[in-house]
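Engineer: Just a sequence and a predicted model for now, questions to come.
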Amino acid sequence: MTKWWFLVGAIVLEVTASLSLKAALDAPAFFIMVAVGYIAAFSCLAGALKAGMPLGVAYGIWGACGVALTAIFSALIFGEPLTWLMSLGIVIVIGGVLCVELGSQAAEKKRKAAS
């Protein structure tokens with residue numbers, strides 16, 4: 001379960017850092033949050049990997065959630081557009097990551113059964 005908490009932390013920190021990057025264009029003090037957020041996000045991602053999460057799964061979920069949440073929050077916070085086509089793309093990305101996660105679980109069960 002620890003690996004999932006590390007991954008959630010990595011996602012939240014990466015999204016915060018990305019949104020702060022946009023905010024830093026108008027208020028340069030946000031660059032501090034950008035640097036701290038990205039460093040902490042990568043540290044949490046490393047923690048998830050160290051706790052046993054497969055790289056493909058961790059990176060896929062991290063990337064997909066980061067894209068989806070950043071797009072949604074940038075629409076809410078900064079008024080950026082979020083069209084139906086962009087929304088469809090987010091759904092497709094999340095679906096792809098779900099396939100990777102399910103495939104990873106099936107492969108792990110098969111590996112354990114073969115042992």
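Structural biologist: Perfect, thanks for sending it.
Engineer: measure the residue nearest to Glu80 when sequence neighbours are not counted to Leu102 for me?
Structural biologist: Nearest non-adjacent residue to Glu80, counting by Cβ to Cβ, 6 or more residues apart in numbering: Ser74, 4.6 Å away. All C-beta spots, glycine's among them, are computed from the backbone N, C-alpha and C. As for Ser74, its distance to Leu102 is 29 Å (criterion: Cβ to Cβ, to the nearest Å).
Engineer: Over to Thr16?
Structural biologist: 28 Å.
Engineer: who has more neighbours, the two?
Structural biologist: Using other Cβ atoms under 10 Å, the more surrounded residue of Thr16 and Leu102 is Thr16, with 20 against 11.
Engineer: you'd agree Glu80 is up against Ile72?
Structural biologist: No - using Cβ atoms under 8 Å as the test, Glu80 is too far from Ile72 to be in contact (9.9 Å).
Engineer: residues in contact with the residue most central in space within the chain?
Structural biologist: A centroid search over the chain (Cα atoms, centre = their mean) returns Trp62, at 2.5 Å, as the residue closest to the centre. Remark: with contacts taken as Cβ atoms under 8 Å, 6 or more residues apart in numbering, Trp62 is in contact with Leu7, Ala10, Ile11, Glu14, Leu45.
Engineer: my read: the third one touches Val67, true?
Structural biologist: No - between Ile11 and Val67 there is no contact, the gap being 10.5 Å when judged by Cβ under 8 Å.
Engineer: Run the chain-centre distance for the strand or helix carrying Val15.
Structural biologist: Using DSSP states H and E, Val15 falls within helix 2-24. The chain centre lies 7 Å from the centre of helix 2-24; the measure is Cα atoms, centre = their mean, to the nearest Å.
Engineer: Ala107 and Val8: what is the separation?
Structural biologist: As judged by Cβ to Cβ, Ala107 and Val8 stand 23 Å apart.
Engineer: neighbour-wise, which of those two wins?
Structural biologist: Val8 (15 against 11).
Engineer: could you give the mean pLDDT of the top helix by length along the chain?
Structural biologist: When the chain is parsed with DSSP state H, its longest helix is helix 84-114. For helix 84-114, mean pLDDT rounds to 88.
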